[in-house]
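K.L.:
Give me a model of this one.
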Amino acid sequence: PEELRPASWSKMSCPVVPLRKAVYGHPLSGLLWQNKLEESLRKLGWETVEGWSSVFIHKATKCCMAIYVDDLLCSGPTKEVEAHLKNIGREVVLGEAEPLSKYLGCCYQRQSSPSSTKLTIEMKDFLNQCLGKYKELVSSVLLKQGRTTKEVNSLLNFKKVATPFLDDQRPLFDKSLPCGALGEVSAALLMKLLYACRLSRPDLLKATTLLSRFVTCWSEAHDRALKRLFEYVSCTLDDVLEGSFAGEIRDGELHLFADSDFASCLETRRSTTGVWLQFVSKDAEGKEHAFPLSWSSQRQGAVSYSTPEAEVVAGCQGLTKSMLPMITLLEHIAGGPCRRRVAHQDNTCAESALQSGQSKALQNLARTHDVSLKLTAETIEKENIDVIRSESNKMCADVFTKPFSLASKWKAVVELIGMKSADDDVMK
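P.N.:
Got it, this is the predicted structure:
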């Protein structure tokens, strides 16, 4: 800015100077800060984890640090963490350290007992922002379109709902329906909500990703589905994600749940993959604890011929994109592998095929899915992963594959992944 330039620059029309410190908003600010911080951390003995560019490990003190721009989250023995933050503060300017309570929009509440620790995660404030954004954008776009008061109220007045899905999903794929009113604001609303889906509200993920497919071909059915999704958000603002753990990482187990909904996309007939990864441990009394690590819901890239084939593709995706990276991270943190690795499968044919790499029912696979099967079977053997049969009602990934409209079934699947409802009346 001209008002900040020194007097010696008065005769310069377009002064150019080397950038020695990061300036907020400058194109190179982020890169300069990243380079400076990584250089400082490496000088202090921190190492990056392969495949996790923003995670650093200090092996000598068994501390771990996750970095998002200028937000640092450090875990480890209390005295060691305090010493590390003091040393880092000599290299870069740090704010005052405080216990984990809020990070990247998520609020955390930790409850410790002699035998275990429970962590509760919620994003009520952020979800209230999402609801405010919905009402603001919907009101604006409808008034701009000259809609009647009745039409505006029909999309703004919420009622109590038990699931984020409409009873009938077929209209979402009907291209003969008139264009919807909310098409131009749908992407902004869904992408904002997707942030909460990824961090603390896995129960919203399937509905959000399903609607995101239609932002370029929005219809009246999608208006109703978007309203239903935000109605569910307004009814479950106090819902939280819970996880607990006990003992050491090396004494625990890594459990992968991968599931598919065969030919669920009525337009392309591609299946949907759902993945849930959790860490399971036991306390001194033998009680089992589960802690969520990652989850995803995604339409598959090619059409599958059968349910076992779709299950194989889901297993491959869960293994390569979720379980293997997490194995690497946990080994760096713990200094060695966890006690057991388990892949859950609710399809008998797929279970057998994943272990052997072949099956009579899948002998005519196309090259794409055959590669997935062979890669998965080879990785399972190499990484010593146990493939076990799970009943469908215990398949944690089910919530990411199917649009449940029945309240009782929806309540059962969200409880499997550790979602706790603050208002049981919503689930009646």
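K.L.:
nearest spatial neighbour of residue 182, skipping sequence neighbours?
P.N.:
The spatial neighbour of residue 182 that comes closest, neighbours along the chain excluded (CB to CB, 6 or more residues apart in numbering), is residue 223 at 5.1 Å. The way it works is simple: take the backbone N, C-alpha and C, and place the C-beta from them, glycine included.
K.L.:
How many residues are close by the one you found?
P.N.:
The local packing of residue 223 (other CB atoms under 10 Å) involves 22 other residues.
K.L.:
That one against residue 179, yeah?
P.N.:
No: taking CB atoms under 8 Å as the contact criterion, residue 223 and residue 179 are not neighbours in contact, 9.6 Å apart.
K.L.:
could you say what helices and strands the helix or strand containing the residue nearest to residue 182 packs with?
P.N.:
Element membership for residue 223 (DSSP states H and E) is helix 220-235. Contacts of helix 220-235 with other secondary structure elements, assessed using 3 or more CB pairs under 8 Å, 6 or more residues apart in numbering; DSSP states H and E, are made with helix 124-144, helix 183-199, helix 205-212.
K.L.:
Contacts for the second one, please.
P.N.:
Outside helix 183-199, the residues that touch it by CB atoms under 8 Å, 6 or more residues apart in numbering are 104-106, 121, 123, 126-127, 129-130, 133-134, 137-138, 140-141, 180, 182, 204-205, 208-209, 211-212, 214-215, 218, 222, 226, 229-230, 233.
K.L.:
among those, which ones are buried?
P.N.:
For the contacts of helix 183-199, burial is judged from neighbour counts taken by 16 or more other CB atoms under 10 Å, and it is met by 106, 121, 123, 126-127, 130, 133-134, 137-138, 141, 180, 182, 204-205, 208-209, 211, 214-215, 218, 222, 226, 229-230, 233.
K.L.:
follow-up on the earlier one: and the residue nearest to residue 182, what's its pLDDT?
P.N.:
Here the pLDDT value assigned to residue 223 is 97.
K.L.:
Just the pLDDT at the closest residue to residue 204 other than its chain neighbours, thanks.
P.N.:
Nearest residue to residue 204, sequence neighbours excluded (CB to CB, 6+ apart): residue 197, at 4.7 Å. In this prediction, residue 197 carries a pLDDT score of 97.
K.L.:
and the helices and strands packed on helix 220-235 as a markdown table, adding distance to residue 289?
P.N.:
Listed next are the helices and strands packed on helix 220-235 as a markdown table, based on distance: least, CB to CB, whole Å:
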| stretch | distance to residue 289 |
| --- | --- |
| helix 124-144 | 25 |
| helix 183-199 | 21 |
| helix 205-212 | 23 |
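K.L.:
Out of those, which gets nearest to residue 358?
P.N.:
Nearest to residue 358 among the helices and strands packed on helix 220-235 is helix 205-212 (31.7 Å), distances taken as CB to CB.
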